[in-house]
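Trainee: could you look at this predicted model? Sequence included:
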Amino acid sequence: MLVEQLYTSCLAQGAYYIQSGNEAAVIDPLREYKPYIDLAVKNNATIKYIFETHFHADFVSGHLDLSVKTGADIVFGPNANTSFKSINATDGQEFKIGKLTIKVLHTPGHTLESTTYLLLDENRKPHSIYTGDTLFIGDVGRPDLAIKSDLTQEDLAGMLYDSLRTKIMPLPDYVIVYPAHGAGSACGKNMSNETFDTLGNQKKINYALGNLSKPEFIKELTTGILPAPQYFAKNANLNKSGYTNYDALIAKGNKALSINEVKNLVKDTDVLILDVRKPNEFASEHIKGSVFIGIDGQFAPWVGALVTNIEQPIILVTPKGREAETVMRLSRVGYDNCLGFIEGGINAWKQNGETTDFIRSIDAAEFICKIKDQAACVLDVRKPGEYELSHLEHVSSRPLDFITDWQDSLLKDKPYYIHCAGGYRSIIAASLLKRQGFTNLTDITGGYSAIKKTNIDTVNQACSSGKL
């Protein structure tokens, strides 16, 4: 038996490869299908099945292209009616992989089709469960993504309570729990950094498996849920209805564009120039009107949260050699309309005589000196949970996730100082605000982490002496 977790940190997502003999199965694959095929080739196996735990909302799964490339059957659980050929499995149905058995456990609650797959060894002894978004390490899936006119989040939370207690908790404590996500995913509230655990340990530490009544569970689960990112419903629909061939979109997006081609596209098309370099590089110099979302952060989720048109034409400014990677990571959340990248990047843009822009930055000490009695001009763009733990006095929370909800309440010519935790999200926010016409923005280098480490008394003395 071979069980391998393929964990992608920037998406906080776990896919799984299972093999017995010369047969294999893949659970919840990402869009880029090659890693799974490479594993099968390396281990002299044929991928027989592709199992999906549900219609994922936070990424576009790779089931379609992987099925075309391998001939494997796509398997969903009950209530999953797709627009393409797939097996709509029934509760309790079993599938054979070599000497192993994968048993379908219908576990609705996160969504109606949510399914857990139980892996039985050659002696039919339970080995592990692949829970999707039903059960995380330290948490469970949010119950608000499948709300319909006759179905509330409370209804779904109640279903999840029953699913956990009738299908999952009766399993042996030694069974390994392999979820679809870990900390950082928006699919739950309080996930652990661990990516797997035993069911027995989860019964001890996971509140959702504790001694809660059904009403208590429902109240706990439905309290404090932040609104889902806008791309979630779009990704779920793509996973249900189908999407562009992966190879075709990579070929289209991984194309070098001359400066003149870029200028013509910008003139004739509603193009977004997306700059994925490092935050300090973008702050120092960038194409006027471009938006920063760095490739070295949680790139794809931030694109999905902040670029509201999933069909948005995009031209890239990337670090050299990372063009194809950027197109691939855009595809993970369904942003398939990448037109190419600027050949030569920002240097070629400047050498052609085109104008550039910058974002003013100051360090934490200078910031503290400047904002005395001006706290209302500070934009804290961290997540609400970060803000609640600690924040500057008299400064309101302005989460980057919801920038479109609060940006219109600001004055475009007023000075604003922007900070996040470390400097990545504040540059994203500044780029978005500048694109909307804000003219007096200053980023705090190092963010709140740097502010907290700054000695206020020393700064006040420096301010008084005129040294800052």
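Mentor: Nice, I can see it. Numbers count the residues shown, from 1 in each chain.

Trainee: could you pull out the helices for the stretch 251-400 of the chain?
Mentor: In chain order, the stretch 251-400 of the chain shows helices spanning 259-268, 279-284, 299-306, 323-331, 345-351, 364-370, 384-389, with DSSP state H, counting those that start in this stretch as the criterion.

Trainee: name the helices or strands packed onto the second one?
Mentor: Contact here means 3 or more C-beta pairs under 8 Å, 6 or more residues apart in numbering; DSSP states H and E; on that basis helix 279-284 packs against helix 424-435. For every residue, glycine as well, the C-beta is placed using N, CA and C.

Trainee: for the helix it packs on, packing partners?
Mentor: Contacts of helix 424-435 with other secondary structure elements, assessed using 3+ C-beta pairs under 8 Å, 6+ apart, are made with helix 279-284, strand 291-292, helix 299-306, helix 403-406, strand 416-419, strand 441-444.

Trainee: swap in 7 Å and give it another go.
Mentor: Secondary structure elements in contact with helix 424-435, counted by 3 or more C-beta pairs under 7 Å, 6 or more residues apart in numbering; DSSP states H and E, are helix 279-284, strand 291-292, strand 416-419, strand 441-444.

Trainee: centre of the chain to the first one, how far?
Mentor: Mean-position distance between helix 279-284 and its chain equals 23 Å (C-alpha atoms, centre = their mean, to the nearest Å).

Trainee: so who does the one residue sitting closest to the centre of the chain touch?
Mentor: For the chain, residue 301 is the residue whose C-alpha lies nearest the centre (C-alpha atoms, centre = their mean; 3.4 Å). Residue 301 makes contact with residue 11, according to C-beta atoms under 7 Å, 6 or more residues apart in numbering.

Trainee: returning to that earlier point: would TSV of the helices and strands packed on helix 424-435 with mean pLDDT and distance to residue 30 be doable?
Mentor: Output for the helices and strands packed on helix 424-435, formatted as TSV (pLDDT from 0 to 100; distance: least, C-beta to C-beta, whole Å):
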stretch	mean pLDDT	distance to residue 30
helix 279-284	97	26
strand 291-292	98	24
strand 416-419	95	33
strand 441-444	96	33
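
Trainee: most packed of those?
Mentor: Using mean count of other C-beta atoms under 10 Å, the stretch among the helices and strands packed on helix 424-435 with the greatest mean number of neighbours is strand 416-419 (a mean of 25).

Trainee: give the other helices and strands that that one contacts.
Mentor: Applying 3+ C-beta pairs under 7 Å, 6+ apart, we find strand 416-419 packed against strand 378-380, helix 424-435, strand 441-444, helix 447-453.

Trainee: hmm, try it at 6 Å
Mentor: In this structure, strand 416-419 makes packing contacts with strand 378-380, helix 424-435, strand 441-444, judged by 3 or more C-beta pairs under 6 Å, 6 or more residues apart in numbering; DSSP states H and E.

Trainee: CA atoms only: put the last one into CSV for me.
Mentor: Extracted C-alpha coordinates of strand 441-444, given in CSV (Å, rounded to 0.1, in the frame of the first residue of the first chain):
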residue,chain,number,x,y,z
LEU,A,441,-0.9,56.6,0.3
THR,A,442,2.0,55.5,2.5
ASP,A,443,3.0,51.9,3.2
ILE,A,444,4.5,51.0,6.6
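
Trainee: and stretch 295-307, what's buried?
Mentor: 295, 297-307 (16 or more other C-beta atoms under 10 Å).

Trainee: average pLDDT for it?
Mentor: Averaging pLDDT along stretch 295-307 yields 95.

Trainee: right, and the helices and strands packed on helix 424-435 - which one's nearest residue 222?
Mentor: Residue 222 lies closest, by C-beta to C-beta, to one member of the helices and strands packed on helix 424-435: strand 416-419, at 31.5 Å.

Trainee: ok, that closest one: who's next to it in the sheet?
Mentor: Paired neighbours of strand 416-419 in the sheet (DSSP bridges): strand 378-380 (parallel), strand 441-444 (parallel).

Trainee: can you put the ones you listed in a markdown table and add distance to residue 355?
Mentor: Formatted as a markdown table, the entries for these read as follows, by distance: least, C-beta to C-beta, whole Å:
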| stretch | distance to residue 355 |
| --- | --- |
| strand 378-380 | 26 |
| strand 441-444 | 18 |
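
Trainee: among those strands, which is nearest residue 115?
Mentor: The closest of the strands paired with strand 416-419 to residue 115 is strand 378-380. By C-beta to C-beta, the value is 40.1 Å.

Trainee: what's in contact with that closest one?
Mentor: Taking C-beta atoms under 6 Å, 6 or more residues apart in numbering as the criterion, the residues outside strand 378-380 that touch it are 387, 391, 395, 397-398, 416-418.

Trainee: now do stretch 272-292
Mentor: Taking contacts as C-beta under 6 Å, 6+ apart, the residues outside stretch 272-292 that touch it are 294-295, 312, 314-319, 326, 349, 355-359, 361, 423-424, 427-428, 431, 435.

Trainee: put the buried members of those into a PyMOL selection.
Mentor: To isolate the buried ones among the contacts of stretch 272-292 in PyMOL, judged by 16+ other C-beta under 10 Å, type:
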select buried, resi 294+295+314+315+316+317+318+319+326+349+359+361+423+424+427+428+431
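
Trainee: how much space between residue 33 and residue 362?
Mentor: 46 Å (C-beta to C-beta, to the nearest Å).

Trainee: er, residue 45 I mean
Mentor: Distance, residue 45 to residue 362, by C-beta to C-beta: 57 Å.

Trainee: so for these two, which residue has more residues nearby?
Mentor: With other C-beta atoms under 10 Å as the criterion, residue 45 and residue 362 differ in neighbour count, and residue 45 comes out ahead with 21 against 16.

Trainee: list the residues that contact the more buried one.
Mentor: With contacts defined as C-beta under 6 Å, 6+ apart, the neighbours of residue 45 are 19, 22, 24.

Trainee: same question for residue 75.
Mentor: When contacts are counted by C-beta under 6 Å, 6+ apart, residue 75 is found next to 49, 51, 87, 89.

Trainee: please report phi then psi for it.
Mentor: phi -120, psi 120 (degrees, to the nearest 10).

Trainee: could you look up the SS state of the nearest residue to residue 56 once chain neighbours are set aside?
Mentor: In this structure, residue 56 finds its nearest non-sequential neighbour in residue 239, 5.4 Å apart by C-beta to C-beta, 6 or more residues apart in numbering. Here residue 239 is recorded as helix under DSSP: H, G, I helix; E, B strand; the rest coil.

Trainee: residue 60 versus residue 239, what's the distance?
Mentor: Plainly put, residue 239 is 6 Å away from residue 60 if you go by C-beta to C-beta.

Trainee: overlap in contacts of those two?
Mentor: With C-beta under 6 Å, 6+ apart, residue 239 and residue 60 have no common neighbours.

Trainee: mind listing what the residue lying closest to residue 283 once chain neighbours are set aside touches?
Mentor: Once flanking residues are discounted, residue 283 sits nearest to residue 359: 4.3 Å by C-beta to C-beta, 6+ apart. Taking C-beta under 6 Å, 6+ apart as the criterion, residue 359 is in contact with 283, 430, 443.

Trainee: local confidence estimate at the second one?
Mentor: The one in question is residue 430. Residue 430 is assigned a predicted lDDT (pLDDT) of 98.

Trainee: is it true that it touches residue 418?
Mentor: Yes: taking contacts as C-beta atoms under 6 Å, residue 430 lies within contact range of residue 418: 5.5 Å.

Trainee: good, we can wrap up now.
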